[in-house]
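Trainee: I would like to see how this sequence folds:
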Amino acid sequence: MPILQNQLKNTQFPVFSQPKIASHTRFNWFLSSTITTVTGFKSCKRFSSELVALKTTDPCISLIKTFAGSRRFLQSVFLFKKLLLSPSWLKPDMLVFPPLIKSCACLPHPNFGFVIHGYLIKCGFGNWVGVGNSLIRLYVKFGHFWDAYGVFEEMPVRDEDLFNCLVSGFGSNGFYGEVLVLFEQMVYVGLFPSSDSAFYVITACGELGNVKKGAWVHKFLIENGFDGNVSILNSLISMYIKFGKIDSGRRVFCDMPKRDIVSWNMLITAYARNGNWPEACNLFLSMKSTGDFVPNRITFLGLLLACGQIGDLDLGKSIHGQLICTGLISDIRLGTAILDMYAKCDRVDCSKTIFEEELFDKSLVSWNSLITGYSHNGYYQEATLLYERMISESNLKPDAVSFANVVPAYASLANKRRIQSIHAFIIKRGLDLYGDVVLGTAMVDGYGKCLDMKAAESLFSGIEKPNTVTWNAMIAGNNLNHYADNSMLLFLEMLQSKVFPDAITMVMLFQSCGELGSLKQGSMVHCYCLSKGFSMHLTVGNAIIDMYVNCGSVKSSQLLFNEMSLKNVVTWNTMLSGYVKIGEFAKAMRVFCQMRSENQYKPDSVTMFTFIQASAAILTSCGPEIAHGFIAKLGFDTETLVMNSLIDTYSKAGFIDKARGLFMQMGNLRDQSSWNIMIAGCGMNGQGREACELVSRMEKYGHEPNSITFTSLLSSCSHSGLIEEGCWYFDMMRRKYKIQPGLEHWTCIIDMYARAGKLEEAYQLIENGLHQNSDGDALWDCDAVWGALLSACRMNMNMQLGLLAGGKLLKLAPDNSGYRTLLSNLYASGKRWDEKAKLRREFEDRRLIKKPGFSVVEM
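Mentor: This is a model prediction of the structure:
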């Protein structure tokens with residue numbers, strides 16, 4: 001036994017080297033003082049008086065055994081002390097010591113047993129096999145494992161009981177390596193293990209992950225008659241599950257001559273936790289078909305986990321009904337599991353009903369489950385409100401799981417302030433933010449989504465062992481903040497840190513390459529995907545197609561698209577939107593027709609959105625009507641996104657009445673975007689007053705105007721010449737709705753004044769905006785603002801302001817051919833031919849190309 005021998009070399013065993021008692025006097029004093037401490041002086045005195053009448057020792061020995069057998073352990077020890085004081089008892093009987101040591105093991109103080117062991121050694125009984133088991137159990141109970149092994153080593157003869165006792169002692173206290181060594185020794189000397197020893201050696205193999213030893217133990221136990229022991233076979237199933245070899249556990253299960261409910265529960269739970277949810281459900285149905293077993297709490301917990309993961313709502317409802325019928329619904333763990341199952345099956349309404357009406361005693365896990373359900377299903381506001389309710393109404397304190405699930409909800413609502421508050425609360429509570437990778441990742445992701453990459457980077461640098469998800473959160477945050485270069489550098493650091501990327505990492509990297517427009521980097525990442533096998537993932541393949549489109553290599557996208565053996569609707573949508581992005585509308589229509597002809601791919605709302613854009617671009621007059629017909633035929637006339645796109649297309653094509661008709665037909669399907677699109681449509685078709693009426697009506701339908709609403713409204717007023725109304729709404733936006741004007745609002749106001757010929761007022765507004773707006777510098781340096789002013793100066797022949805605006809534009813946007821054309825026309829109108837010729841030469845030197853216009857009139 002090399003392991004134990006090495007550990008025992010430096011171990012002192014005072015119990016064996018010298019007795020802990022030198023005389024009867026010291027022994028009597030120790031027992032008297034200890035017993036008095038435990039029982040009290042009066043009880044000790046009373047018990048002493050009861051024993052004075054005893055004159056012989058044989059009845060006392062029998063009485064000690066009786067006391068030990070009836071669990072009167074203190075009395076048996078006290079009686080032994082009396083026997084030592086008796087002059088007629090010259091030599092103790094060896095048979096008295098096993099029950100006496102058993103009594104010592106059951107007392108709260110280990111010193112009783114230590115003294116008795118010392119007395120045994122003094123009397124020459126220290127190596128007697130009869131007390132070996134009792135001494136080993138004594139030392140094991142009080143945590144003196146190596147003393148127990150010392151007793152074992154001192155025994156001249158070691159029988160099965162000694163081995164089994166020590167194996168059980170080490171196994172029950174987690175010394176799994178020692179259990180394996182002792183078991184091997186036991187088998188080597190030809191001794192037969194008990195059921196307890198078999199159980200602990202199987203447990204040891206599972207905990208240590210020693211597959212080879214586990215298979216050897218399995219073979220030994222089956223060959224030696226344990227093939228009919230249900231508890232041992234269940235332990236073997238558990239061992240193989242810990243190894244991750246569920247198939248081997250299933251073979252043990254199938255070979256069992258007799259099974260119990262534990263056998264079924266272990267496999268059902270194992271399949272559920274390892275992602276094989278259909279097999280977990282099938283196993284449950286097989287168990288029910290036998291008719292021999294009644295499912296218990298453990299069965300239902302594993303099964304509910306499986307139902308939630310596979311989204312089998314019908315089976316989940318069936319289990320819910322069974323729990324109600326059996327009365328198990330009151331169990332808080334099962335109630336929470338049902339809540340979680342409904343949430344994973346996208347029925348958060350049922351989860352809420354169970355939480356409010358059936359879970360009377362809510363635990364922290366219950367609150368966390370519903371918060372998670374809300375957050376994962378996109379009900380971010382509800383998730384945050386429930387979290388705040390938990391803090392205010394219950395006595396429970398949120399834990400790391402609570403924070404990790406509510407932070408994404410706050411991040412999706414862009415509520416950076418609350419994320420900072422949770423960050424402070426985590427530090428105050430002393431939670432391990434840097435050691436808990438799940439919590440740390442959630443915080444990094446939250447700050448990234450709130451556009452605070454400085455805080456995200458600070459947190460990320462402190463996380464001790466960032467995993468793939470943590471790196472993904474950082475890359476996603478950089479992409480969201482348009483720091484695509486940083487994303488590529490992070491990927492290199494990730495590889496250097498020996499953290500292996502996953503399919504999500506690759507998708508985000510292709511997004512970075514697409515944003516950068518770097519075909520070279522995109523091709524390199526594509527090669528990496530091919531070498532690591534990521535290109536087989538459908539989501540990665542879709543991302544590669546999109547990357548090539550964004551990098552201007554549509555031929556590569558089409559080639560990859562044609563070679564893909566497996567496609568989904570996202571694949572087709574990616575190619576459709578790619579052709580629309582580069583203006584190849586005819587090719588986009590051909591892709592749509594090809595998709596329809598293959599029949600196995602059903603268009604979704606994104607498909608129809610792209611199809612509307614393509615059809616309107618090709619056939620200006622009848623394109624919207626053709627798209628409308630397809631939408632009605634395919635049943636997308638109840639999709640808000642699709643109908644909003646169709647209204648916008650009708651408006652831009654000049655069919656404002658048809659757009660208004662569709663808007664009215666939508667009824668309750670209308671969202672905030674529907675109103676904004678209709679307001680913008682009225683504006684671009686010269687119906688500014690109708691746009692103003694729509695703003696007053698939208699609040700009655702429960703939609704408050706936002707920043708986009710006022711951009712559309714101010715643009716409508718500008719196109720319709722409604723200066724007073726525009727100024728009034730601009731003021732109302734700031735005062736009533738507390739919306740700070742952005743560049744787009746200032747541009748609309750200035751354009752409105754310029755179109756009305758109030759050029760001086762427009763210029764004064766630009767200057768005043770410097771003092772009224774925190775982004776005044778941005779307003780002064782916005783080329784769109786000066787472009788609107790220059791265009792108005794050209795129309796109203798205001799040469800002075802026009803030259804000022806033109807000079808500003810030449811500095812802000814020197815390569816914009818449109819602004820140079822406007823300035824050139826202004827020079828021509830003022831007969832300033834030298835300046836016009838100079839501007840023309842600069843135009844040619846810079847090799848600028850005037851963008852051709854196009855007509856919406858079809859011939």
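Trainee: now N224, nearest residue through space, not along the chain?
Mentor: Closest residue to N224 apart from its sequence neighbours, by CB to CB, 6 or more residues apart in numbering: F192 at 7.0 Å. (Glycine included, C-beta is placed from N, CA and C.)
Trainee: So what's the residue count around T638?
Mentor: Residues near T638, counting by other CB atoms under 10 Å, number 10.
Trainee: Give the helix, strand or coil label for it.
Mentor: Under DSSP: H, G, I helix; E, B strand; the rest coil, the three-state class of T638 is coil.
Trainee: Now do the helices in the stretch 451-600 of the chain.
Mentor: Taking DSSP state H, counting those that start in this stretch as the criterion, the stretch 451-600 of the chain carries its helices at 453-462, 468-480, 484-496, 503-516, 519-532, 538-550, 554-563, 569-581, 585-598.
Trainee: Can I get the helix or strand containing F710 in PDB, CA atoms only?
Mentor: Secondary structure from DSSP states H and E places F710 in helix 707-720. Below are the C-alpha coordinates for helix 707-720, written out as PDB (Å, rounded to 0.1, in the frame of the first residue of the first chain):
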ATOM      1  CA  SER A 707     -37.700  60.800 -31.400                       C
ATOM      2  CA  ILE A 708     -38.400  59.100 -34.700                       C
ATOM      3  CA  THR A 709     -42.000  60.300 -34.700                       C
ATOM      4  CA  PHE A 710     -40.900  63.900 -34.400                       C
ATOM      5  CA  THR A 711     -38.200  63.500 -37.100                       C
ATOM      6  CA  SER A 712     -40.900  62.300 -39.500                       C
ATOM      7  CA  LEU A 713     -43.300  65.100 -38.400                       C
ATOM      8  CA  LEU A 714     -40.800  67.900 -38.700                       C
ATOM      9  CA  SER A 715     -39.800  66.600 -42.100                       C
ATOM     10  CA  SER A 716     -43.500  66.600 -43.100                       C
ATOM     11  CA  CYS A 717     -43.900  70.200 -41.900                       C
ATOM     12  CA  SER A 718     -40.800  71.100 -43.900                       C
ATOM     13  CA  HIS A 719     -42.100  69.600 -47.200                       C
ATOM     14  CA  SER A 720     -45.500  71.200 -46.700                       C
END
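Trainee: The helix or strand following it packs against which elements?
Mentor: Moving toward the C-terminus from helix 707-720, the next helix or strand (DSSP H and E) is helix 723-735. Here helix 723-735 touches helix 688-698, helix 707-720, helix 743-755, going by 3 or more CB pairs under 8 Å, 6 or more residues apart in numbering; DSSP states H and E.
Trainee: now do 10 Å
Mentor: helix 688-698, helix 707-720, helix 743-755, helix 759-772 (3 or more CB pairs under 10 Å, 6 or more residues apart in numbering; DSSP states H and E).
Trainee: For the first one, name the packing helices and strands.
Mentor: Contacts of helix 688-698 with other secondary structure elements, assessed using 3+ CB pairs under 10 Å, 6+ apart, are made with helix 656-666, helix 672-684, helix 707-720, helix 723-735.
Trainee: OK, contacts around S615?
Mentor: The contact partners of S615, taken as CB atoms under 10 Å, 6 or more residues apart in numbering, are 585, 588-589, 592, 622-630, 649.
Trainee: Hmm, T539 is touching Q511, no?
Mentor: No - T539 is beyond contact range of Q511, at 11.7 Å (criterion: CB atoms under 10 Å).
Trainee: Give me the more crowded residue out of those two.
Mentor: Q511 (20 against 15).
Trainee: ok, the more buried one to L480 distance?
Mentor: 10 Å (CB to CB, to the nearest Å).
Trainee: Overlap in contacts, those two.
Mentor: S487.
Trainee: and the residue nearest to N224, which of the three is it?
Mentor: Taken by three-state DSSP, the conformation at F192 corresponds to coil.
Trainee: That concludes my questions; thank you for your assistance.
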